[in-house]
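# The amino acid sequence is not available; the structure is as follows:
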């Protein structure tokens with residue numbers, strides 16, 4: 001089982017078990033379904049036992065046997081270690097690539113305005129940004145480090161808290177000049193409210209209903225009306241352009257507030273969130289120099 005053929009057979013087996021399909025595994029591995037099936041049969045012949053229960057209909061044509069299910073965690077851990085070994089072989093290159101995953105909004109409103117400082121401090125590290133709303137597979141997509149928004153619990157990843165956050169209403173200075181009647185939170189009911197749907201339904205993500213309750217507004221029947229946008233950066237841009245009043249998250253709005261593009265309304269009302277920004281990475285990669293350098297830089301920037 002030390003030959004490359006058997007290593008490929010293990011890869012074919014693991015992918016087939018994960019997808020419960022030779023065809024889906026073949027698409028991932030960039031080979032034909034027949035090749036995947038042959039590799040799995042080679043492994044079964046070598047072991048002298050079947051690895052799948054095969055059925056002729058239904059979405060999941062393959063179901064791993066009980067023995068296969070017990071072996072899969074160790075096989076996947078082995079591939080993880082192989083990937084880490086390859087990364088360490090690459091550490092000696094003079095120009096390193098650091099792959100960072102963040103949401104599109106966090107990239108636009110926080111990371112990109114600051115990234116020049118990291119590139120100045122670490123000119124030998126080339127940053128590759130992977131912007132995605134959804135969580136990604138760090139191993140499959142060769143991600144080094146990321147910033148995620150949530151409660152700090154992502155299986156298989158180390159999470160270091162980076163920044164806490166609060167939520168508050170914001171609008172453009174011009175809209176505020178036009179709306180002199182905005183003297184108390186209840187006055188917002190008559191305005192166009194901009195809703196952020198980036199993480200709609202996720203526990204801890206702020207909503208207008210929650211902020212209004214915090215502010216003591218009981219008549220919230222019409223709060224859900226208004227503009228709805230599924231990108232936090234676009235939510236703030238809509239407010240900057242005067243299209244309404246947005247419920248901003250403090251980290252996202254920091255630069256727009258300091259530049260005067262946005263104005264915070266009712267600053268005496270505090271609405272702290274129980275979700276935060278976290279630096280995330282695989283524990284076994286914690287000591288990679290490029291990862292450690294970027295992690296320390298993120299912490300420094302967050303403290304400024």
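Here it is on my side, so go on. Owing to the predicted nature of the structure, the values given are computational and were not obtained by experimental measurement.
# all helices of the stretch 201-304 of the chain, in order?
208-214, 232-240, 250-259, 289-303 (DSSP state H, counting those that start in this stretch).
# which strands and helices sit next to the last one?
With contacts defined as 3 or more Cβ pairs under 8 Å, 6 or more residues apart in numbering; DSSP states H and E, helix 289-303 has these neighbours: strand 96-102, helix 115-121, strand 125-131, strand 145-150, strand 158-163, strand 276-281. Bear in mind the C-beta positions are built from the backbone N, C-alpha and C, glycine included.
# 7 Å instead, please
Contact partners of helix 289-303 among helices and strands, from 3 or more Cβ pairs under 7 Å, 6 or more residues apart in numbering; DSSP states H and E: strand 96-102, helix 115-121, strand 145-150, strand 158-163, strand 276-281.
# Point out the other helices and strands that the fourth one packs with.
Read that as strand 158-163. Using 3+ Cβ pairs under 7 Å, 6+ apart, strand 158-163 sits against strand 276-281, helix 289-303.
# In the stretch 151-300 of the chain, where is pLDDT below threshold?
By pLDDT under 70, the low-scoring segments of the stretch 151-300 of the chain are 220-222, 224.
# For the longest helix seen in the chain, buried residues please.
Assignment by DSSP state H gives helix 66-89 as the longest helix of the chain. Across helix 66-89, burial judged by 16 or more other Cβ atoms under 10 Å covers 68, 71-72, 83, 87.
# what angle do that helix and helix 289-303 make?
80 degrees (axes from the mean of the first three to the mean of the last three Cα atoms, to 10 degrees).
# Contacts for helix 66-89, please.
By Cβ atoms under 7 Å, 6 or more residues apart in numbering, the residues outside helix 66-89 that reach it are 10, 14, 17, 49, 51-52, 64, 139, 284-285, 288.
# for the record, mean pLDDT for that helix?
Per-residue pLDDT over helix 66-89 has a mean of 82.
# and the angle from that helix to strand 96-102?
Counting by the same axes, to 10 degrees, helix 66-89 lies at 130 degrees to strand 96-102.
# and helix 66-89, how far from the chain's centre?
23 Å (Cα atoms, centre = their mean, to the nearest Å).
# Can you give me the end-to-end span of stretch 259-277?
Its start and end residues considered, stretch 259-277 measures 23 Å (Cα to Cα, to the nearest Å).
# and the residue of the chain most remote from its centre, how far is that from residue 74?
Distance from the C-alpha centroid of the chain peaks at residue 48, with 42.2 Å (Cα atoms, centre = their mean). In this structure, residue 48 and residue 74 are 19 Å apart, going by Cβ to Cβ, to the nearest Å.
# burial measure for residue 259, as a count.
When neighbours are defined as other Cβ atoms under 10 Å, residue 259 has 9 of them.
# what separates it from residue 173, distance-wise?
From residue 259 to residue 173 the distance is 11 Å (Cβ to Cβ).
# Give the buried residues for the helix or strand containing residue 24.
Secondary structure from DSSP states H and E places residue 24 in helix 22-29. Buried residues in helix 22-29, defined by neighbour count with 16+ other Cβ under 10 Å: 22, 24-26, 29.
# mean confidence for that helix?
Here helix 22-29 scores 90 as its mean pLDDT.
# report the angle between the axes of the helix or strand just after that helix and helix 66-89?
Next helix or strand after helix 22-29 toward the C-terminus (DSSP H and E): helix 33-47. Here helix 33-47 runs at an angle of 110 degrees relative to helix 66-89 (the same axes, to 10 degrees).
# how deep is the residue nearest to residue 223 when sequence neighbours are not counted tucked in, by neighbour count?
Using Cβ to Cβ, 6 or more residues apart in numbering and skipping residues adjacent in sequence, the residue nearest residue 223 is residue 208, 4.9 Å away. By other Cβ under 10 Å, 23 other residues sit near residue 208.
# same thing with the one 4 residues further on?
The burial count assigned to residue 212 is 21, neighbours taken as other Cβ under 10 Å.
# Give me the pLDDT for the residue farthest from the centre of the chain.
Looking at residue 48, the pLDDT reads 90.
# how about the closest residue in space to residue 280 that isn't next to it in sequence, what does it touch?
Spatial nearest neighbour of residue 280, chain neighbours left out: residue 157 (4.5 Å); criterion: Cβ to Cβ, 6+ apart. Listed by Cβ under 7 Å, 6+ apart, the contact set of residue 157 reads 138, 280-282.
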